[in-house]
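J.: Fold the following, please.
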Amino acid sequence: MLEPLKSKLREKKGFIFDLDGCIYRGDRPIDGAPEAILALRGGGKRILFLTNNSTKTPSEYVEKLRRMGLCVEEREVLTSSVATAIYMRDLGIGGCFVVGEQGLISALEGGGFRILGADEAKMAKYVVCGLDTRLTYEKLAAACRAIQCGATFIATNLDPNMPVEEGYIPGAGAIVSALVTATRVKPIVIGKPSRIIMKIALEKIGLDKRDVVMVGDTLNIDIAAAKNARITSLLVLSGSTSVKDLAGSRVKPDEVIQSVAELKGLFY
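T.: Below you'll find the model as predicted:
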């Protein structure tokens, strides 16, 4: 890493990291990621892990990261599910029909929302959609009925796919697109690159945007989120973005490194 970039990053007080493709890929950590996080902590930097994946709870992410050799506390993990529940509390408590998994359901229940079944969907104040690997036509139909009856449509994120060890699988955005096509209603989007989740992330890490770096592997999600929040962006090439992708994109990061492993060298 060049010394000018080192100096720039050393001045920052906090680092917000994407997870999939940045810290790990599937169930395997990116080489050098645990050591890089440890080095940043040793340098007095605050850390926040920020993921659009709504399927797991923060505690489940903590367990996963710890198995990979990272020392992480639950307060250092923000999921799109938790951010969705935080945002919705300001809109008012009500019944929710959920297209999603336990991570999203737990966050909403923890926020005081009641989860409705398909037979109650028409009474829902909200339809909340995230990644759902157990998706059924019945769920989609019930969500459509609720939206047509006036429920506020909220999406945890619009990620079209998810990186796994073998490549990619459909993401929440693929499911949201089906509902948008059927209802012609666009959702309120919480996750990256929305300003909503970035505002919550900055509040959670407790720093001004000028003192934070967003580190991620996707241009249209992670880097765009940083641009929308007006914080420094650092692209890693260990995930879904290649040098060719970067050259052809209108979304440009402030800095580029091969992987988070390079952050180990900030303090040497």
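J.: Show the average pLDDT along stretch 161-176.
T.: Over the span of stretch 161-176, the pLDDT mean works out to 83.
J.: Check which residues of that stretch are buried.
T.: Neighbour-count burial for stretch 161-176, with 16 or more other Cβ atoms under 10 Å as criterion, is recorded at Met162, Pro163, Pro170, Gly171, Ala172, Gly173, Ala174, Ile175, Val176. For every residue, glycine as well, the C-beta is placed using N, CA and C.
J.: Tell me the helix or strand right after the helix or strand of the chain with the lowest mean pLDDT.
T.: The weakest-scoring helix or strand in the chain, judged by mean pLDDT, DSSP states H and E, is strand 161-164 (a mean of 72). Moving toward the C-terminus from strand 161-164, the next helix or strand (DSSP states H and E) is strand 167-170.
J.: In three-state terms, label the spatially closest residue to Ile93 that is not a sequence neighbour for me.
T.: Excluding its sequence neighbours, the residue lying closest to Ile93 (Cβ to Cβ, 6 or more residues apart in numbering) is Gly112, at 5.0 Å. When classified by DSSP: H, G, I helix; E, B strand; the rest coil, Gly112 comes out as coil.
J.: close enough to count as contact, Gly112 and Leu91?
T.: No: with contact defined as Cβ atoms under 8 Å, Gly112 does not reach Leu91; the gap is 12.0 Å.
J.: list the contacts for Leu263?
T.: Leu263 makes contacts with Leu9, Phe15, Ala36, Ala39, Leu40, Val215, Ile257, as judged by Cβ atoms under 8 Å, 6 or more residues apart in numbering.
J.: in a strand, that's where it is, yeah?
T.: No: counting by three-state DSSP, Leu263 is located in no strand; its state is helix.
J.: Look up how far Pro253 lies from it.
T.: 15 Å (Cβ to Cβ, to the nearest Å).
J.: Equivalent analysis for Ile190, please.
T.: For Ile190, the distance to Pro253 equals 23 Å [Cβ to Cβ].
J.: next one: Arg25
T.: Arg25 sits 19 Å away from Pro253, going by Cβ to Cβ.
J.: Tell me which of the two has more neighbours.
T.: Neighbours per residue (other Cβ atoms under 10 Å) separate Arg25 from Pro253, with Pro253 holding more: 23 against 18.
J.: Would you list the phi and psi of that one?
T.: The phi/psi pair for Pro253 (degrees, to the nearest 10) reads phi -70, psi 160.
J.: For stretch 135-153, C-alpha coordinates in CSV please.
T.: Provided in CSV are the C-alpha atoms of stretch 135-153 (Å, rounded to 0.1, in the frame of the first residue of the first chain):
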residue,chain,number,x,y,z
LEU,A,135,-40.0,-18.5,-0.8
THR,A,136,-43.4,-19.9,-1.9
TYR,A,137,-46.0,-18.6,-4.4
GLU,A,138,-48.4,-18.3,-1.4
LYS,A,139,-46.1,-15.8,0.3
LEU,A,140,-45.8,-13.7,-2.9
ALA,A,141,-49.5,-13.8,-3.4
ALA,A,142,-50.3,-12.8,0.2
ALA,A,143,-47.7,-9.9,0.0
CYS,A,144,-49.3,-8.7,-3.2
ARG,A,145,-52.8,-8.7,-1.6
ALA,A,146,-51.5,-6.7,1.4
ILE,A,147,-49.8,-4.1,-0.8
GLN,A,148,-52.9,-3.7,-2.9
CYS,A,149,-54.9,-3.2,0.4
GLY,A,150,-52.6,-0.3,1.3
ALA,A,151,-49.8,-1.8,3.3
THR,A,152,-46.5,0.1,3.1
PHE,A,153,-44.0,-1.8,1.1
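J.: what's the average pLDDT for that stretch?
T.: For stretch 135-153, the mean confidence score works out to 98.
J.: what about the strands in the stretch 101-250 of the chain?
T.: In the stretch 101-250 of the chain, the segments counted as strands under DSSP state E, counting those that start in this stretch are 114-116, 126-129, 152-155, 161-164, 167-170, 188-189, 212-216, 232-236.
J.: Kind regards, and thank you for your time.
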